[in-house]
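> next comes the sequence, and after it the predicted model I'd like to discuss.
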Amino acid sequence: MATLTKKRKAIIAKFDATKAHTVADASKVVKEITTTKFDASVDLAVRLGVDPRKANQMVRGVVTLPHGTGKTMRVLAIVTPDKEAEARAAGADFVGLDEYIEKIKGGWTDVDVIITMPSVMGKVGALGRVLGPRGLMPNPKTGTVTMDIGKAVTDSKGGKIDFKVDKAGIIHAGIGKVSFDAQKLAENAQELLSTIVKLKPSSAKGTYVKSVTMSSTMSPGIIIDNKLFN
């Protein structure tokens, strides 16, 4: 246990936890202070000056990270038989209709993204109790309810993520892995942050981006200067 404490002290000594960094500097620091043996995920937590209980202050969107997430996305396409070949050709991991509706009713949710089409949404909508809490419910706003199944699958496999503000007013999103080089992490972070800024609700008053923190699995949080986004 002593070695871990020493290691931890060495990590904390490497950077000032109270200092606000640029996105580029934070991306370098997160690589330096991560000590996990596995390839840790890198995440952003963005606290917004909005009241998510008000419909006109809900911040939700999609962004395609220029360098992907580093995570292999498991995609389920719930489609009619005429769309199955298109979904498979685009790389969907699971393709079907009623058999997957039944599996999900039974509690199966071993996927990262579910894509479906408007004509099937009635059946998928009935799975809200299972899919809703896991953030898996397809939504036209995020491009996961569409007739262009092939593009939706390709986008999901290629680094498209959707995000929304939680009850505490915070957006949490993964922007890559520690193994990414710092510039790629910074470009992914910048893409997400500029998308969030563009989505500022007109009804939001005061400071919009209250704080931004970057961290990896198990690392301390690195403060990013929020003045860069207000």
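Yes, it's here. Numbers count the residues shown, from 1 in each chain.
> which parts of the protein are helices?
Across the chain, reading from the start of the chain, the helices by DSSP state H fall at 2-14, 23-33, 81-89, 98-105, 121-125, 128-131, 149-157, 182-198.
> leaving out sequence neighbours, find the closest residue to Gly158.
By the measure of CB to CB, 6 or more residues apart in numbering, the closest residue to Gly158 outside its immediate chain neighbours is Gly68, 6.4 Å from it. From N, CA and C alone the C-beta is placed, and that goes for glycine too.
> what distance do you get for that neighbour to Gly174?
When CB to CB, to the nearest Å is the yardstick, Gly68 and Gly174 sit 10 Å from each other.
> could you pull up the residues touching Asp98?
For Asp98, the contact set (CB atoms under 8 Å, 6 or more residues apart in numbering) comprises Lys123.
> can we see that at 10 Å?
With contacts taken as CB atoms under 10 Å, 6 or more residues apart in numbering, Asp98 has the following neighbours: 78, 120, 123.
> how about Lys103?
When contacts are counted by CB under 10 Å, 6+ apart, Lys103 is found next to 76, 94, 96, 109-110.
> can you name the two of those residues that are farthest apart?
Gly96 and Thr109 (15.0 Å; CB to CB).
> which residues of this protein score low on pLDDT?
For the chain, the stretches flagged by pLDDT under 70 are 1-5, 7-12, 14.
> any idea which residue sits dead centre in it?
Ala173 (3.7 Å; CA atoms, centre = their mean).
> number of residues surrounding the residue lying closest to that one once chain neighbours are set aside?
Computed as CB to CB, 6+ apart, the closest residue to Ala173 that is not its neighbour in sequence is Phe163, at 4.7 Å. Residue crowding around Phe163 was assessed by other CB atoms under 10 Å; the count is 22.
> list the residues that contact Phe163.
Shown in contact with Phe163 (CB under 10 Å, 6+ apart): 44, 46, 59-63, 135, 142, 171-174, 192, 195-196, 199.
> 7 Å instead, please
With contacts defined as CB atoms under 7 Å, 6 or more residues apart in numbering, Phe163 is in contact with 61, 171, 173.
> is it in a bridge, and if so with what?
Here Phe163 sits in beta bridges with Gly61, as judged by DSSP bridges.
> ok, it to Phe38 distance?
Counting by CB to CB, the gap between Phe163 and Phe38 amounts to 24 Å.
> circling back: from what I can see the residue nearest to the centre of the chain touches Glu191, true?
No. Using CB atoms under 7 Å as the test, Ala173 is too far from Glu191 to be in contact (10.6 Å).
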